[in-house]
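Visitor: Got a predicted structure here, sequence first:
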Amino acid sequence: MKTGSIGSRRLLVSMSATLGWMLVLSLPSPRAEAGALYSIRNLGTLPGGDRSEARGLNNRGQVVGNAYRPYQGGPDTELVGVLFEPDGTVRDKGGFLRSHWGRVGIDASGRVAHEVAPVAFEYDQYTDLNERGQVTGTGGFVDGTDPYRVGYRAILVDGGNRVDLGTLGGDSSVGYGINEAGHAVGSAQQANGITRAFLYRDGEMIDLSPALGVDSRGWAMAINDHDQIVGSVFRGVGYEGFLLDGDEVIWLGKNVIPSDLNNQGDVVGSVTGNDGSGRPFLFRDDRVMDLNAMLPEDSGWFLEEAIAINDLGQIAGTGTIDGERRAYLLSPISDGGPLPDPIPEPGPIAVFGLAAGYLWFRRARSGR
């Protein structure tokens, strides 16, 4: 097993989080003078709209996402699904694109997961797809004879077949990613209600906890064609990102949440940066790096998230430019500068504060 070099009282939570942020803020900034490694393209929005966001990316450089537009000619706006073409065209796909996780799969023809799955059930929500037309996501299943009691489990839709991937002994599961072999990953409950990262392969749901060596809550977000898997687990006092490659685990660092990886093993996602804010990262060459440190100095952008990466090394996400939130596409510069320094990890106080804040937030949302 390999370790990478990057590795309920409200008052108590508030004090812990405050101390954590103070420590994070004291950490040095990533090196900004390393030289631009990516060019960036503003993907724009719909006419009359003021915002957009990226949700997925294919190997043709097409980006799928959401954009705002005026609603029925009035002062209000509505959020609709769009396809950002390489030639700058923004195509209205209709409907708000959503999934249980931010990423939405898009195939080489520009179709997203819900456009491919032909057996949609009222409660289904599709997340990812492959070029064979297989789709994964989360399906709603009526529990027993009560039509208003719906359970949710990870599904695999293949043609006219909708397969319930099951659980790890609990009540629910969620499908997040799928590769060309039809292997799916996600999170599933055990009988004790604890959620574990899983791999579904050859008709079997496999608990990834033994492979990770961590008997803790976790989730797997994406899988590439080499069966490399990325996700996060609670480890120690906080959550930590991982890249699972066969029997080898590379820990990506504390407060790291991967969202996607390509077939080269490059990983993107979000990480708590040295100023206490979430920002997008790229994992390559055993280091987690802030994508903001890889842009031209005069770009004017602040990148907020990286949601997808393709096999060309292009990265799609959302950031801010001139005070407006926009989807972006990064493309590698062949003669770019050296890689920047890795993002420093927060110390134990910061990690405890962030973990406590996260747990309080989860409990507050669930009403417990």
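Guide: That came through, no problem.
Visitor: Just give me the neighbour total for the residue lying closest to residue 61 once chain neighbours are set aside.
Guide: In space, and not counting its chain neighbours, residue 61 is closest to residue 86: 4.6 Å by CB to CB, 6 or more residues apart in numbering. Any C-beta I mention is one placed from the backbone N, CA and C, and that applies to glycine too. Neighbours of residue 86 under the rule other CB atoms under 10 Å: 11.
Visitor: what's the answer for residue 78, then?
Guide: 13.
Visitor: and what of the one 4 residues further on?
Guide: The local packing count at residue 82 equals 30, with neighbours defined by other CB under 10 Å.
Visitor: Which strand residues bridge it?
Guide: residue 65, residue 92 (DSSP bridges).
Visitor: how far away is residue 212 from residue 344?
Guide: 24 Å (CB to CB, to the nearest Å).
Visitor: next one: residue 207
Guide: Residue 207 sits 33 Å away from residue 344, going by CB to CB.
Visitor: Then residue 224?
Guide: Distance from residue 224 to residue 344, by CB to CB: 28 Å.
Visitor: How about residue 39?
Guide: Computed as CB to CB, the residue 39 to residue 344 distance reads 27 Å.
Visitor: where does the stretch 251-368 of the chain dip in pLDDT?
Guide: Scanning the stretch 251-368 of the chain for pLDDT under 70 picks out 273-276, 345-368.
Visitor: All the helices of it, in order from the start?
Guide: For the stretch 251-368 of the chain, the helices defined by DSSP state H, counting those that start in this stretch occupy 348-366.
Visitor: Now name the helix or strand holding the residue nearest to residue 61.
Guide: Using DSSP states H and E, residue 86 sits in no helix or strand.
Visitor: so what's it up against?
Guide: Applying CB atoms under 8 Å, 6 or more residues apart in numbering to residue 86 gives the contacts 60-62.
Visitor: Next: residue 333.
Guide: Residue 333 sits next to 36-39 when contact means CB under 8 Å, 6+ apart.
Visitor: Please apply the same query to residue 158.
Guide: Contacts of residue 158 (CB under 8 Å, 6+ apart): 132-135, 182.
Visitor: immediately after the helix or strand containing residue 151, which helix or strand?
Guide: Residue 151 is part of strand 150-158, with elements assigned from DSSP H and E. Once the chain leaves strand 150-158, the next helix or strand it forms, by DSSP H and E, is strand 161-164.
Visitor: For that following strand, which helices and strands make contact with it?
Guide: Applying 3 or more CB pairs under 8 Å, 6 or more residues apart in numbering; DSSP states H and E, one finds that strand 161-164 contacts strand 134-142, strand 150-158.
Visitor: Direction included, what does the helix or strand that comes right after it pair up with?
Guide: Once the chain leaves strand 161-164, the next helix or strand it forms, by DSSP H and E, is strand 169-178. Here strand 169-178 is paired, per DSSP bridges, with strand 184-190 (antiparallel).
Visitor: Packing partners of the next helix-or-strand element following the partner strand?
Guide: Using DSSP H and E, the next helix or strand after strand 184-190 towards the C-terminus is strand 195-201. When contacts are defined as 3+ CB pairs under 8 Å, 6+ apart, strand 195-201 packs onto strand 150-158, strand 169-178, strand 184-190, strand 204-207, helix 209-212, strand 218-223, strand 229-235.
Visitor: just for the stretch 51-200 of the chain, where's the confidence low?
Guide: With pLDDT under 70 as the threshold, the stretch 51-200 of the chain has low-confidence stretches at 72-77, 95-101, 119-122, 142-150.
Visitor: which ones are touching residue 317?
Guide: Counting by CB under 8 Å, 6+ apart, residue 317 touches 54, 268, 280, 291, 303-308, 327-328, 330.
Visitor: let's go with 7 Å and repeat that
Guide: Shown in contact with residue 317 (CB atoms under 7 Å, 6 or more residues apart in numbering): 54, 280, 303, 305-307, 328.
Visitor: check contacts around the nearest residue to it once chain neighbours are set aside.
Guide: Once flanking residues are discounted, residue 317 sits nearest to residue 306: 4.1 Å by CB to CB, 6+ apart. Shown in contact with residue 306 (CB under 7 Å, 6+ apart): 268-269, 280-281, 291, 315, 317.
Visitor: At which residues are the strands of the stretch 201-350 of the chain located?
Guide: Taking DSSP state E, counting those that start in this stretch to define them, one finds strands in the stretch 201-350 of the chain at 204-207, 218-223, 229-235, 238-245, 248-254, 256-261, 267-272, 278-284, 287-290, 301-309, 315-321, 324-332.
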